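K.L.:
Sequence first, then the predicted structure, then my questions.
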Amino acid sequence: MQGFKAIWTAVGQEEAPADAIHFVIFSVTMPYSVAEFDTGKQISYKKATAAAAGTISANVDILFIIAEGRRRAGAVEVKTKICATDAAGVMALKSTLSSGNALEKKINKELEAQGLEESITITQPALPVVDNDCRKVGELSYKYVIIFVADDH
């Protein structure tokens, strides 16, 4: 059929708008130092997390990366936010991610597919959150926070 193009979008594959108010937050402890968890690994991490959640990497934000020196030498906590377009999208994210061992297996499978090491620990995604701006980073209670921003050069 000339002039027509098939368009297919999977559930959860839409980019959440910049002012989205629906998201889940969780932490993943990765076996890397802050220096080792560079921009390339962060991009791979976002892709893996998105794949595990059934969404696109544009909806995954790394809120902060902090060294876990006191508890685990050579490890970083990666606080992660996944945005959704609406409340139903948040529930779909939580359902797709699962919980407990299923969550860990799903995320670790995707991390491995992206060439990353398996996580050390993963916190359960927080109950669905509604905020005025999904993309903002709120006040952090940590004394030292290191934030990496991907450079597209």
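P.N.:
Sure, I can see it.

K.L.:
Pretty sure residue 95 sits in a strand.
P.N.:
No: with DSSP: H, G, I helix; E, B strand; the rest coil as the criterion, residue 95 is helix rather than part of a strand.

K.L.:
any idea how far it lies from residue 103?
P.N.:
11 Å (Cβ to Cβ, to the nearest Å). To be clear about C-beta, it is placed using only N, CA and C from the backbone, and glycine gets the same treatment.

K.L.:
the more surrounded of these two?
P.N.:
residue 103 (20 against 11; other Cβ atoms under 10 Å).

K.L.:
mind listing the helices for this protein?
P.N.:
39-53, 87-97, 100-113 (DSSP state H).

K.L.:
gap between the residue lying closest to residue 87 once chain neighbours are set aside and residue 102?
P.N.:
Leaving out its chain neighbours, the residue that sits closest to residue 87 by Cβ to Cβ, 6 or more residues apart in numbering is residue 22, at 5.6 Å. Per Cβ to Cβ, residue 22 is found 22 Å from residue 102.

K.L.:
neighbour count winner among the two?
P.N.:
Between residue 22 and residue 102, counting by other Cβ under 10 Å, residue 22 is the more crowded of the two (21 against 10).

K.L.:
How much space separates that one from residue 123?
P.N.:
According to Cβ to Cβ, residue 22 and residue 123 sit 19 Å apart.

K.L.:
my read: residue 52 touches residue 104, true?
P.N.:
No: using Cβ atoms under 8 Å, residue 52 and residue 104 do not qualify as a contacting pair, with a distance of 10.0 Å.

K.L.:
Same list (the helices of the chain) but as CSV, adding distance to residue 27 and mean pLDDT.
P.N.:
What follows is the helices of the chain, written out as CSV (distance: least, Cβ to Cβ, whole Å; pLDDT from 0 to 100):
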stretch, distance to residue 27, mean pLDDT
helix 39-53, 12, 96
helix 87-97, 13, 89
helix 100-113, 12, 96
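
K.L.:
now the ones you listed as CSV including distance to residue 77?
P.N.:
Converted to CSV, the helices of the chain look like this (distance: least, Cβ to Cβ, whole Å):
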stretch, distance to residue 77
helix 39-53, 12
helix 87-97, 18
helix 100-113, 14
